[in-house]
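Visitor: I would like to see how this sequence folds:
(5 chains)
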Amino acid sequence: MTNGDTLGRLGLGPGKKARLHRILYKHGIANGTALFLPYDQGLEHGPRDFFANPAAGDPRYILKLAVEGGFNGIAVQIGLAEKFFWDFAGEVPLLLKLNGKTDIPPDDAALSPLHASVAEAVRLGADAVGYTMYVGTRAQEQDFAQYRQVREDAHRYGMPLVVWAYPRGDAIEAKGGKNSFYAVDYAARTASELGADVVKVNFPRPDKRTGVKPEYDAEFSSQRAVDSVVRSANRTLVLISGGEKAGDGAMIEKARESMEAGATGLIFGRNVWQRPHDESMRFVTKLREVLVKYPR
Amino acid sequence: MTNGDTLGRLGLGPGKKARLHRILYKHGIANGTALFLPYDQGLEHGPRDFFANPAAGDPRYILKLAVEGGFNGIAVQIGLAEKFFWDFAGEVPLLLKLNGKTDIPPDDAALSPLHASVAEAVRLGADAVGYTMYVGTRAQEQDFAQYRQVREDAHRYGMPLVVWAYPRGDAIEAKGGKNSFYAVDYAARTASELGADVVKVNFPRPDKRTGVKPEYDAEFSSQRAVDSVVRSANRTLVLISGGEKAGDGAMIEKARESMEAGATGLIFGRNVWQRPHDESMRFVTKLREVLVKYPR
Amino acid sequence: MTNGDTLGRLGLGPGKKARLHRILYKHGIANGTALFLPYDQGLEHGPRDFFANPAAGDPRYILKLAVEGGFNGIAVQIGLAEKFFWDFAGEVPLLLKLNGKTDIPPDDAALSPLHASVAEAVRLGADAVGYTMYVGTRAQEQDFAQYRQVREDAHRYGMPLVVWAYPRGDAIEAKGGKNSFYAVDYAARTASELGADVVKVNFPRPDKRTGVKPEYDAEFSSQRAVDSVVRSANRTLVLISGGEKAGDGAMIEKARESMEAGATGLIFGRNVWQRPHDESMRFVTKLREVLVKYPR
Amino acid sequence: MTNGDTLGRLGLGPGKKARLHRILYKHGIANGTALFLPYDQGLEHGPRDFFANPAAGDPRYILKLAVEGGFNGIAVQIGLAEKFFWDFAGEVPLLLKLNGKTDIPPDDAALSPLHASVAEAVRLGADAVGYTMYVGTRAQEQDFAQYRQVREDAHRYGMPLVVWAYPRGDAIEAKGGKNSFYAVDYAARTASELGADVVKVNFPRPDKRTGVKPEYDAEFSSQRAVDSVVRSANRTLVLISGGEKAGDGAMIEKARESMEAGATGLIFGRNVWQRPHDESMRFVTKLREVLVKYPR
Amino acid sequence: MTNGDTLGRLGLGPGKKARLHRILYKHGIANGTALFLPYDQGLEHGPRDFFANPAAGDPRYILKLAVEGGFNGIAVQIGLAEKFFWDFAGEVPLLLKLNGKTDIPPDDAALSPLHASVAEAVRLGADAVGYTMYVGTRAQEQDFAQYRQVREDAHRYGMPLVVWAYPRGDAIEAKGGKNSFYAVDYAARTASELGADVVKVNFPRPDKRTGVKPEYDAEFSSQRAVDSVVRSANRTLVLISGGEKAGDGAMIEKARESMEAGATGLIFGRNVWQRPHDESMRFVTKLREVLVKYPR
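Guide: Next comes the predicted model:
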């Protein structure tokens, strides 16, 4: 299978294309889809996320899970990358998360500060970098300013840039909330307009209609909503995130609708590792059964 | 027809002159007038602007429209330029929009943060850069500071600088609003005083008189108002923007009055692409019929 | 005893490994454990801390104590390092504290400003640098920004980075307080996610449950809490700090539980030097009797 | 005709593609071929080259000739560009020659020093830059070092780089001379290996066989030689230079063979302007009659 | 098979380990051995090397051959990488050759000038960089100075550094010549002493004894010689180069002896592509039959 049909049409330079090809066609199912394992919850939420499965507090356990489960990449902060990636370097692609914050102070003017640079990602042998952009927050000027530097560096180094496009802040809360179809659709488009190569969004909720713009205040099926989000992202590849752990059936159905809409893949963390190892693997197998049906 | 008569009198260096000549005399009608297609609404308003014509959500569709419609240039943000301009590079001039924002948080101290630099515009092969200046906003110090850097870079690289001169903020709202003759006239002059090569303004509304300065609190025809705006801009070329979609007859009449006043051209987005393809082309044909009568 | 079993598994480069090996296997008990003497209270609290034992106000007295007591290192600010370390250079490792503040203004948006750089630590012959990070404070953006520079410099110079991970600020106060198991556990994890080589935390208080996240609102023994903190720190070595002077029996028991949990060692200041010289030495002897039982 | 068929396959970024598209499809015959007018002989040979037609000593005369003759670009040094290009800016593409030398000192370790930068070419509104590389000279280390900076800058600014690939030096003289098939073939390949977008070479002379490598010491037709040179340049576009003024019939035949071989076009100076104006135009017409038959 | 046993013992940081793992365990036979395809002869020798198989003059043909033949990487100069690698980005690892020269001027003080930087290799998505060091040349001060910068950059970016360790110059000619056991052994050691991650050497000739140091002036089998060379390189991985095209049987025997000695693999160019496509593939199959027997 060649990537000429898909990656070749995205306007990527050789470095970004080489790294994305590696992620999408040399790891995981290797059919152009992706299943990422995010593991920055220790910073974003604290160790409480590991109480459901204490083994998951050990980064080595998670990295092994990523290798065994055939993930297309693992997303971690610089500290864990420095201390744990070496052991598995080259076996699973590293998506270095460049910014992050604790959830201790309030979120009304949310901003996620930088902890590492694209140059450090290069040094660590990462195949992509991740940046959390809080779309709609009052701190958007600062957010856009630090994002811009990341985008320019990612371009200069040929490093794929994955944007966690997260609607946040009081204005968003007043306009349907962070998971509304309106907010997720706008976030996907913003990432695309500002040069993300890949965008990670939550699955859109068309039923969240209070306060949204009139165009979104209508009946939409979840399929129609996710279709629209993928279209808004145009040549920016879409990853749908899992969010909090939920029922497997619902998650698999979301995954199926996302792939049907044209998403590139999934980025599921807590739904994967907040359970015993063997259950994690069984759930991953089900996700792979979805992905295998949608070669890109 | 040579441009010696018009561009030659504007005090431009060779780079700016070469690029403006290319835009005005090598594309579109090639008679010194201009019709630009702005396409940054996906960031400024979100995907809701594409609900009237879903095809318009695809940047490739819009770029093709710009080529087919014989536009003098297309204005996009860095993300779309990176991923879509290559396909049409050289076929239609690129006006890289350097700043922009979402409309989610409130607008009282509006500021449009930078997403790209003039150097990136050079790299992409752009023939002009665009900057949104919110004239009259409380954030004007930051706005002017970032504008100043853009202006200096544009000078250094010989890159024409198009200023979106938009009155905004609570003080403007208290003095006639953002489209009043007073506000638009002041905005055009501000752009000219601060070194814009081209200024994009809304068509002035002389009827918006509540709170305006006494000089503007009188009966003015719309022709007289737009004459004044073009005069205020002096050697800064003027583009009149279309704003929200409105009736074709009214838009054409605005276009005619603008050209009669000495404007260089028009920059119409939603009025062009918020309708089916063939209707778009018919509307563009009507605009060209106006422009062809006003060689510069 | 070789350090291959412990330091070799931490993902350290050669410079950090050489310096940590020196601290852990060439000083103190030389069995891979550590006993540090912190001496920055003159800045953090003022000379009031020396009233209990006026001799302790003299940095030379403290440095001598560190040598006599067989400490693995002494932590001081740049001023004392410049003027007093020369006399004992090479006899006891220097842990240069890079930031610090007075306790005079209020603490709600605590931030500890930088006073020295990693480069100065190199110049002084230090074997490690220390940085106080206030986890959960509203000033976290500034804190993370200055920390990031320190981390990058420490990496470049191969200098071990010890993070004083201190929960602080009004949000922390509202969620169980700065010594709660929840807060200390989150702080240890944050240091690890952000690349500390060693983290200094207070002994966690599982009984502080008012306002903590539900996962922490349960009965936990102090042993179970400190076990969890060390696990959260994963490959970041843990030092348990003594805090305010307390009863010797309680301190020794905390030390024992910490070592049982897998901590690397202790960093005790006021409990050591807020008493006459000979009592200090007797207390140190008891601490060493604990450490000697836990070779790493 | 779209450029998708040709420029789209060369591995160019958007800026280089936009500028080359402009040169090849918006000027001259606009069919993907090129006819360039080089005018740096005043530096390279001195004013003696203008004795045949004194009017040609006036840069304004030459620029007008370029516009009237429908050339795809004019190549000049920085001084003439600064003083003469403004008058015709936008009417004919500027190829700013970045290095050059007099022919007064001997040529055995030939090196052409830099006089301007790519940044200056951007400022002047140039659509390409030119660099003379003396392939095979003993000064190749210096030559390659200054070339490398030009190539990197051209990449950064998206500026097409035209390499005058000229075999020179005593080693070349001993191996068949500067116009031998061996030397020209090697020069074309060298430009391609080192990242030229366009290479300018002399028409190869397969009859110059004394001292050449064995592979070239055989009977080759001139067509076969020029075929080989174009193939050696692979994705680097080839311009064949005219060199000293010669008979029109021979020049036209060389042009025809070059285009037959797949060259992009011609760069003829002295053959064009070392004669009266009307004769120049007649000769240009004949060259265009060749080019029009080879759309790319 | 995991790389823990081999790459894990070389003292590599995470970036170099990740990239080498990718080359050695994700491409080619994926057993820790390597077969590289070098393609810089167009610069080093000129197009004459393609006369035996003209198709080989087309870089696209060679890149396809590398993919079809299951090579572990392809070595090219910046120009070919910029224009041809994009098409196959991610399908075969890129080894960007950073320096190179023509063979036109004499070789007595050979020095290979830089054409690209490690940063450009990162941008292009390369997995390694290559540097030709002329061991023993009179220009060694310049050579070592430019090498040092490359090594530091390679370290900073985590990019594996492959050194073409080539004995050259009149002093080498006087001491056994460039392929003598003495010269090759010394070159391998030099690369290792100066920080190469991989060294490319010619197969040593123990029979070249005229002028060599006394230790080498004895009877050595070729196996013993290549054993010694690999040992001299210690933790620097060894690639044996093929050099000029020779008989297949002799080449395969050299390959076998090299692998028996502990070399990581082979780097064969002219022996591969100076023949028709199908013969190339048959020869590659034979080389792979050797490599498969020596998993690392």
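
Visitor: can you confirm residue A:293 is in a strand?
Guide: No. Looking at residue A:293 with DSSP: H, G, I helix; E, B strand; the rest coil, it is coil, so not inside a strand.

Visitor: ok, now which ones touch it?
Guide: Contacts for residue A:293 (C-beta atoms under 8 Å, 6 or more residues apart in numbering or on different chains) come out as residue A:259. For every residue, glycine as well, the C-beta is placed using N, CA and C.

Visitor: And the pLDDT for it?
Guide: Note on residue A:293: pLDDT of 98.

Visitor: One more: residue A:4?
Guide: Predicted confidence (pLDDT) for residue A:4: 44.

Visitor: can you map out the helices along the stretch 151-296 of chain A?
Guide: A:170-174, A:181-193, A:222-232, A:248-261, A:270-273, A:277-291 (DSSP state H, counting those that start in this stretch).

Visitor: oh sorry, the question was meant for the stretch 1-150 of chain A
Guide: Under DSSP H, counting those that start in this stretch, the stretch 1-150 of chain A gives helices at A:14-25, A:41-44, A:59-68, A:78-84, A:118-124, A:140-157.

Visitor: okay, those in TSV with distance to chain E, mean neighbour count and mean pLDDT next?
Guide: As requested, those are arranged in TSV below (distance: least, C-beta to the nearest C-beta, whole Å; neighbours: other C-beta atoms under 10 Å in any protein chain shown; pLDDT from 0 to 100):
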stretch	distance to chain E	mean neighbour count	mean pLDDT
helix A:14-25	2	25	97
helix A:41-44	20	23	96
helix A:59-68	10	20	98
helix A:78-84	8	26	97
helix A:118-124	4	24	98
helix A:140-157	5	20	96
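
Visitor: out of the ones you listed, which comes closest to residue C:213?
Guide: helix A:41-44 (12.7 Å; C-beta to C-beta).

Visitor: Now that closest one - C-alpha only, CSV.
Guide: What follows is helix A:41-44, C-alpha atoms only, in CSV (Å, rounded to 0.1, in the frame of the first residue of the first chain):
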residue,chain,number,x,y,z
GLN,A,41,-3.3,12.7,32.5
GLY,A,42,-0.9,12.5,35.4
LEU,A,43,-0.2,16.2,34.8
GLU,A,44,-3.6,17.3,33.5
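
Visitor: Can you spell out which helices and strands pack onto that helix?
Guide: In this structure, helix A:41-44 packs against helix C:181-193, with contacts taken as 3 or more C-beta pairs under 8 Å, 6 or more residues apart in numbering or on different chains; DSSP states H and E.

Visitor: same thing but 10 Å
Guide: Packing contacts for helix A:41-44, counted by 3 or more C-beta pairs under 10 Å, 6 or more residues apart in numbering or on different chains; DSSP states H and E, involve helix A:78-84, helix C:181-193.

Visitor: who touches that helix?
Guide: For helix A:41-44, contacts defined as C-beta atoms under 10 Å, 6 or more residues apart in numbering or on different chains pick out A:38, A:47-50, A:56-57, A:59, A:62, A:76-77, A:79-80, A:97, A:100-103, A:112, A:115, A:132, A:269-270, A:273-274, C:186, C:188-190, C:192-194, C:232, C:234.

Visitor: Now with 8 Å, please.
Guide: A:49-50, A:57, A:77, A:80, A:100-103, A:269-270, C:189-190, C:192-194, C:232.

Visitor: So what's the gap between it and the chain middle?
Guide: In terms of C-alpha atoms, centre = their mean, to the nearest Å, the centre of helix A:41-44 is set 15 Å apart from its chain centre.

Visitor: show me what contacts residue A:216?
Guide: Neighbouring residues of residue A:216 by C-beta under 8 Å, 6+ apart: A:176, A:180, A:181, A:182, A:185, A:206, A:209, B:48.

Visitor: again, only this time at 7 Å
Guide: A:181, A:182, A:209, B:48 (C-beta atoms under 7 Å, 6 or more residues apart in numbering or on different chains).

Visitor: dump the residue contacts of the closest residue to residue A:263 other than its chain neighbours.
Guide: Closest residue in space to residue A:263, ignoring its immediate chain neighbours: residue A:238 at 4.3 Å, by C-beta to C-beta, 6 or more residues apart in numbering or on different chains. Counting by C-beta under 7 Å, 6+ apart, residue A:238 touches A:188, A:199, A:201, A:229, A:230, A:263, A:264.

Visitor: Save the residues you listed as a markdown table, and put in distance to residue D:171, neighbour count and pLDDT too.
Guide: Output for the contacts of residue A:238, formatted as a markdown table (distance: C-beta to C-beta, whole Å; neighbours: other C-beta atoms under 10 Å in any protein chain shown; pLDDT from 0 to 100):
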| residue | distance to residue D:171 | neighbour count | pLDDT |
| --- | --- | --- | --- |
| A:188 | 60 | 30 | 98 |
| A:199 | 56 | 29 | 98 |
| A:201 | 62 | 30 | 98 |
| A:229 | 63 | 28 | 98 |
| A:230 | 60 | 23 | 98 |
| A:263 | 60 | 26 | 98 |
| A:264 | 54 | 27 | 98 |
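
Visitor: now, which of these sits nearest chain E?
Guide: Checking the contacts of residue A:238 against chain E by C-beta to the nearest C-beta gives residue A:264 as the nearest, at 15.1 Å.

Visitor: That closest one and residue A:291, how far apart?
Guide: From residue A:264 over to residue A:291 the distance is 10 Å, taken as C-beta to C-beta, to the nearest Å.

Visitor: do you know which of the helices of the stretch 151-296 of chain A lies nearest chain C?
Guide: Using C-beta to the nearest C-beta, these put helix A:270-273 closest to chain C, at 13.1 Å.
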